[in-house]
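*Asks:* model this:
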Amino acid sequence: MAPRTVHYAFAHRILRDLALDERLDLVGEAIAVDLGPKFATLWDDANASVPESDRIASDGLATYVVQRPDYAGVLVTLPAPVEPAEAHAVMVVRGMTPRDASYFTWEHAVDGASGAPTVYLCGWDADGRHVNLGTRQDASIDGFVNEVGASLSSR
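*Replies:* Numbers count the residues shown, from 1 in each chain. The predicted structure follows:
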């Protein structure tokens, strides 16, 4: 039960690295242009790096600008997760400076005690370190957007 290479790499390496690159402003870019085609190309590039049998269709890959009173971000939904540590979606949040950008993942998991599917909210610091922020109570996109806001306000 390991995450699939393309799915994991896209959410936990490729997008994370772009989001936390202080030379980039993905939120500003997403407000100006649709990042969907750019992210689709990145997904295709990740697929091209693995054997054909390990490739994953991009169904469900979509990009949305989120503008709330408490934060602005880019929500990226991903193809449905299958294995633990694959993400349902990620959120890139604009900070006061590019160094202050935040990155969150809504991750699929399996409860160790019951074996039931569960979801986690995870964050990444500016140095790319993963932080598990706990089990999500509302496993919806709206819940994810709200929990990102709650996490930001608790800092």
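*Asks:* where does this structure dip in pLDDT?
*Replies:* For the chain, the stretches flagged by pLDDT under 70 are 1, 97-99.
*Asks:* What segments of it are helices?
*Replies:* Using DSSP state H, the helices assigned to the chain run over residues 5-9, 15-19, 26-32, 36-48, 141-153.
*Asks:* Extract the C-alpha trace of the third one and format it as PDB.
*Replies:* Provided in PDB are the C-alpha atoms of helix 26-32 (Å, rounded to 0.1, in the frame of the first residue of the first chain):
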ATOM      1  CA  LEU A  26       1.600  30.900  -8.000                       C
ATOM      2  CA  VAL A  27      -1.400  32.600  -6.500                       C
ATOM      3  CA  GLY A  28      -0.700  35.800  -8.400                       C
ATOM      4  CA  GLU A  29      -0.100  33.900 -11.600                       C
ATOM      5  CA  ALA A  30      -3.400  31.900 -11.100                       C
ATOM      6  CA  ILE A  31      -5.300  35.200 -10.600                       C
ATOM      7  CA  ALA A  32      -3.900  36.400 -13.900                       C
END
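*Asks:* Give the buried residues for it.
*Replies:* For helix 26-32, the neighbour count (16 or more other CB atoms under 10 Å) marks Leu26, Val27, Ala30 as buried. No exception for glycine: its C-beta is placed from N, CA and C like everyone else's.
*Asks:* Out of the helices of the chain, which is closest to Glu86?
*Replies:* helix 5-9 (4.6 Å; CB to CB).
*Asks:* could I get the closest one in PDB with only the CA atoms?
*Replies:* Output of helix 5-9 as PDB, limited to C-alpha atoms (Å, rounded to 0.1, in the frame of the first residue of the first chain):
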ATOM      1  CA  THR A   5       4.600   7.400  -8.000                       C
ATOM      2  CA  VAL A   6       3.000  10.000 -10.300                       C
ATOM      3  CA  HIS A   7       0.300  10.900  -7.800                       C
ATOM      4  CA  TYR A   8       2.700  11.200  -4.900                       C
ATOM      5  CA  ALA A   9       5.400  13.100  -6.800                       C
END
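*Asks:* This completes my enquiry, with thanks.
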